[in-house]
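Asks: What shape does this take:
(one chain, ligands or ions: 1)
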Amino acid sequence: MTPTRTRSRRRVAFLSGWSALAVAAAAGVVVTALPSSAAATLGGAAAAAGRTFGAAVSDNLGDAGYVDILDSQFSGITPENEMKWDATEAAPGAFTFDAADVIVDHARERGMAVRGHTLVWHSQLPAYVQAIADPAELRTAVDRHITEVAGHFRGRVEYWDVANEAFLDDGSRRPSVFQTVLGDGYIEDAFRTARSVDPDAKLCYNDFSIEGVNAKSDATFEMVRDFTARGVPIDCVGFQSHFVLGQIPADLQANLQRFADLGVEVQITELDIRMDLPADAAKLAQQAEDYATVVRACLAVAPCSSITVWQVSDRESWVPSTFAGQGAALLFDEDRAAKPALEATIAALGG
Ligand code: 9MR
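Replies: Predicted coordinates for the structure are as follows:
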C-alpha cells in the first residue's frame, strides 16, 4: 500500500490482510498463493499489485447488501461526508465524530485502509466559518479544527486530504474564505498543523480536473514542487477523477508521473465515470475500457498507491442528483449487480 517508504512501525498496523501479503511477498517471505476468490476481487487483485482499492462510504452500513459488497471487494474506505467541517464541527468548538467513527471502526476491524476527507475545504463549510473576516480569528479556527479532527482520528487514518479543491480551472486560487482572509499561505499552514497533530498520517492535497496536464494541474504541480523544495510536509496528491464516459485524459499517466517525480505518492481518490442515461451495452463496454485505462495508468506509476471509487454502487452515487440525466458511474449498478467495468477493473489490476 506504501510502495515508496514507511514512516514508522505503526504503519504496519494499517496494512490490510492482502496488502500485508503483498509486502511479505515483496520482502521475499514465502506466502501461499492468493486464493482465487480473493484475487478475483478489487481489493485482492490490487493487493497483489501492491495497491489499495477503496470506496467512499457514507451512511450505508446498515444495509446488508451494500456491506457484503464493500467487505468482500474493497480494501480501503473514505468517509464520503462524515469527516467534513459541517459534519465534525457544525458549531464553533462543538465536535461530533460519531458518524465518522462508525465508518472508521468498520474499516479498521476489517484491516481496510482509511483516507480521511477532508480538513480544509470551501464546501460543506458552516456559515460561521465563512463569516470570519479577521485573519487571527480564522487562523485560530482552522488550527483548532485540524487539531481536534486529526487528533481524534490519530492512529486510525492513514492518509488525510488536508486541503481540497483550492484551485480554479485557470490555475488561480479559488477565492474561498481561507484564501481571501489568510492568503496563499493557508494551505502550507494546514499541512504543518496536520503534521504536528498526526506525524504518522500521510498528508495529501486533493482536487478535481487535475488528472490531465492543464492550467489547473500546472498550478497544483507548481505548489507541490514548491512545498517539497521548501520542506512543507506534503506526502501525496489525490486526483479525484470524476470522469465522463470516453473522456479519460490521454496524458493521465504522464501527469501522475510528473507529480510522482517530485517525490510524492499519487492516488486516484474519487473515481467514477458517468454517462448519459439510460445505460446500454455499448456505453457499459466503453466504461469498462475507461476504468481499465485508469487502472493501467496508476499501475504504470510506481508511487500510485491507491484507487478509490466514489461509492460502491450506482444506487449511492452523487452523480444523478448533480448532473441531470447522467449516472451509472460506478462498478455496480442500481441493483448492486456487477457491471462490465468490475471485471475489466479486476483484470487490469492483474486479477
Ligand atoms: O459525494 C458527496 C456528496 O454526497 C455531497 O453532497 C457533496 C457535497 O459537496 O460532496 C460529495 O463529495 C465530493 C467530495 O467531497 C469532494 N470532491 C467532489 C465530490 C463530489 O461532489
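
Asks: Show the contacting residues for the one residue in the chain that gets nearest to the ligand.
Replies: Per C-beta to the nearest ligand atom, W318 is where the chain lies closest to the ligand, at 3.6 Å. Where you see a C-beta, it was placed from the backbone N, CA and C, and this is true even at glycine. W318 makes contacts with E80, W310, Q311, as judged by C-beta atoms under 8 Å, 6 or more residues apart in numbering.

Asks: residues near the second one, how many?
Replies: By other C-beta atoms under 10 Å, 22 other residues sit near W310.

Asks: picking up where we left off before, read off the pLDDT value for the residue of the chain closest to the ligand.
Replies: Looking at W318, its pLDDT is 98.

Asks: Equivalent analysis for A38, please.
Replies: A38 is given a pLDDT of 70.

Asks: ok, now A26?
Replies: A26 is given a pLDDT of 41.

Asks: name the helices or strands packed onto the longest strand belonging to the chain?
Replies: As assigned by DSSP state E, the longest strand anywhere in the chain is strand 265-276. Contacting strand 265-276 under the criterion 3 or more C-beta pairs under 8 Å, 6 or more residues apart in numbering; DSSP states H and E are the following elements: strand 113-121, strand 202-207, strand 236-239, strand 242-244, helix 252-260, helix 281-299, strand 304-309, strand 326-327.

Asks: Kindly recompute the last result at 7 Å.
Replies: Using 3 or more C-beta pairs under 7 Å, 6 or more residues apart in numbering; DSSP states H and E, the elements in contact with strand 265-276 are strand 202-207, strand 236-239, strand 242-244, helix 252-260, helix 281-299, strand 304-309, strand 326-327.

Asks: Including mean pLDDT, could these go into TSV?
Replies: Listed next are those as TSV, based on pLDDT from 0 to 100:
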stretch	mean pLDDT
strand 202-207	99
strand 236-239	99
strand 242-244	99
helix 252-260	99
helix 281-299	99
strand 304-309	98
strand 326-327	98
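
Asks: Which among these is found nearest to A48?
Replies: helix 281-299 (11.0 Å; C-beta to C-beta).

Asks: How about residues contacting the closest one?
Replies: 49, 241, 243, 245-246, 248, 252-253, 256, 268, 271, 273, 275, 304, 307, 339-341, 344-345, 347-349 (C-beta atoms under 7 Å, 6 or more residues apart in numbering).

Asks: Show me just the buried residues among the residues you listed.
Replies: The neighbour count (16 or more other C-beta atoms under 10 Å) marks 49, 241, 243, 245, 248, 252-253, 256, 268, 271, 273, 275, 304, 307, 339-341, 344-345, 348-349 as buried among the contacts of helix 281-299.

Asks: check whether stretch 57-70 contacts the ligand.
Replies: No - judged by C-beta under 6 Å from any ligand atom, stretch 57-70 and the ligand are separated, with a smallest distance of 6.5 Å.

Asks: quick one on the thing from earlier: quickly run through the sheet partners of the longest strand of the chain, with directions.
Replies: If you go by DSSP bridges, strand 265-276 pairs up with strand 236-239 (parallel), strand 242-244 (parallel), strand 304-309 (parallel), strand 326-327 (antiparallel).

Asks: Output those in a markdown table; the columns should cover distance to W160.
Replies: As requested, these are arranged in a markdown table below (distance: least, C-beta to C-beta, whole Å):
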| stretch | distance to W160 |
| --- | --- |
| strand 236-239 | 9 |
| strand 242-244 | 20 |
| strand 304-309 | 13 |
| strand 326-327 | 30 |
